[in-house]
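1. here's my sequence, what's the structure:
(one chain, ligands or ions: 1)
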Amino acid sequence: MRCGIFSDVHSNLEALETVIHAFKNERIDRYFFVGDAVGYGPNPHECIEIIKGLQGVCIAGNHDWATVEKLDMRYFNPMAKEAIRWTRLKTSREDMAFLDKLELTFIGDELILVHGTRQEPSFFHYLMDEIQAKEMFGIMEKDLAFVGHSHIPGVFIKKKSSIRYLTCGDIQLEPGCRYIVNVGSVGQPRDGNPMASYCVYDTEAGIVSIKRINYDIESTQKKILQVGLPVFLAARLEAGR
Ligand SMILES: [Fe+2]
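-> Prediction:
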């Protein structure tokens with residue numbers, strides 16, 4: 001089976017459409033969405049419709065939960081707050097119902113999904129270092145986990161008692177190892193590379209690949225400005241920060 005795994009779309013329709021097109025070329029059988037459909041960007045409704053249409057497994061991000069008032073807004077910076085308030089005005093009742101139903105974790109037969117960390121999913125911690133990775137490896141129900149949230153793609157690999165971190169490329173899964181894969185962000189990458197990030201997992205080959213693709217950033221930026229969202233949210237897209 002070929003799995004398409006993606007996260008942090010953040011209402012960026014141009015980036016999402018580009019990634020979905022790439023997934024179609026990859027002959028994806030099953031989709032996994034790791035949270036944050038909305039927030040920051042100008043097309044929340046359209047992005048939710050596309051994500052729903054994939055009929056895959058979807059979990060909640062902090063922006064999704066904040067939009068439906070399941071997460072306190074004090075955890076967000078002023079620009080994120082403004083975008084969440086704007087998003088609430090631009091989403092339909094069905095959109096809100098979709099966001100409201102998203103759960104914090106998914107535990108499948110061979111992989112788990114969580115937006116932040118497995119240890120405290122409702123706190124939406126950023127998994128950024130080996131200390132947190134070690135804690136998560138210790139409680140993971142499966143050997144393979146996919147996360148998002150930091151918008152920085154990369155893979156933590158645990159082999160016996162050592163943990164190493166790789167920023168990109170193809171990972172051949174090995175028996176006896178555990179993996180936490182951050183699939184990066186479709187709609188707002190923050191690793192200095194503005195290209196949309198997504199992940200393909202081939203279960204038969206045992207290969208996890210993090211991929212990047214260019215999309216029409218300028219169109220998204222224009223829309224962000226047109227709808228009156230903060231200018232910084234447009235500017236950061238081309239910087240990938
Ligand atoms: Fe996010």
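2. give me phi/psi at the residue nearest to residue 221 when sequence neighbours are not counted?
-> Distances taken as Cβ to Cβ, 6 or more residues apart in numbering put residue 234 closest to residue 221, at 4.0 Å, once the chain neighbours are dropped. Any C-beta I mention is one placed from the backbone N, CA and C, and that applies to glycine too. Dihedral angles of residue 234 (phi, psi; degrees, to the nearest 10) stand at phi -80, psi -50.
3. residue 234: what's it in contact with?
-> Contact partners of residue 234, counting by Cβ atoms under 8 Å, 6 or more residues apart in numbering, are 220, 221, 222, 224, 225.
4. and the lowest-mean-pLDDT helix or strand in the chain, what's buried?
-> Within the chain, no helix or strand scores below strand 169-172, which has a mean of 92 by mean pLDDT, DSSP states H and E. Using 16 or more other Cβ atoms under 10 Å as the test for burial, strand 169-172 gives residue 171.
5. burial count for residue 5?
-> 25 (other Cβ atoms under 10 Å).
6. so it is in contact with residue 30, correct?
-> No - judged on Cβ atoms under 8 Å, residue 5 makes no contact with residue 30 at a distance of 9.3 Å.
7. let me know the pLDDT of the residue nearest to residue 221.
-> For residue 234, the pLDDT comes out at 98.
8. could you do residue 168 as well?
-> Listed pLDDT for residue 168 reads 72.
9. repeat for residue 64
-> As predicted, residue 64 sits at a pLDDT of 98.
10. contacts only, for it.
-> 35, 36, 37, 38, 39, 99, 102.
11. which among those residues gets closest to the ion?
-> If you rank those by distance to the ion using Cβ to the ion, residue 36 comes first, at 3.7 Å.
12. and the helices in the chain?
-> Counting by DSSP state H, the chain has helices at residues 13-25, 44-53, 62-67, 78-90, 93-101, 130-139, 217-226, 231-239.
13. for this protein, which residues are neighbours of the ion?
-> Contacts of the chain with the ion, taken as Cβ under 5 Å from the ion, map to 8, 36.
14. in the chain, which residue is most central in space?
-> residue 7 (1.7 Å; Cα atoms, centre = their mean).
15. which non-adjacent residue is nearest that one?
-> Nearest residue to residue 7, sequence neighbours excluded (Cβ to Cβ, 6+ apart): residue 148, at 2.9 Å.
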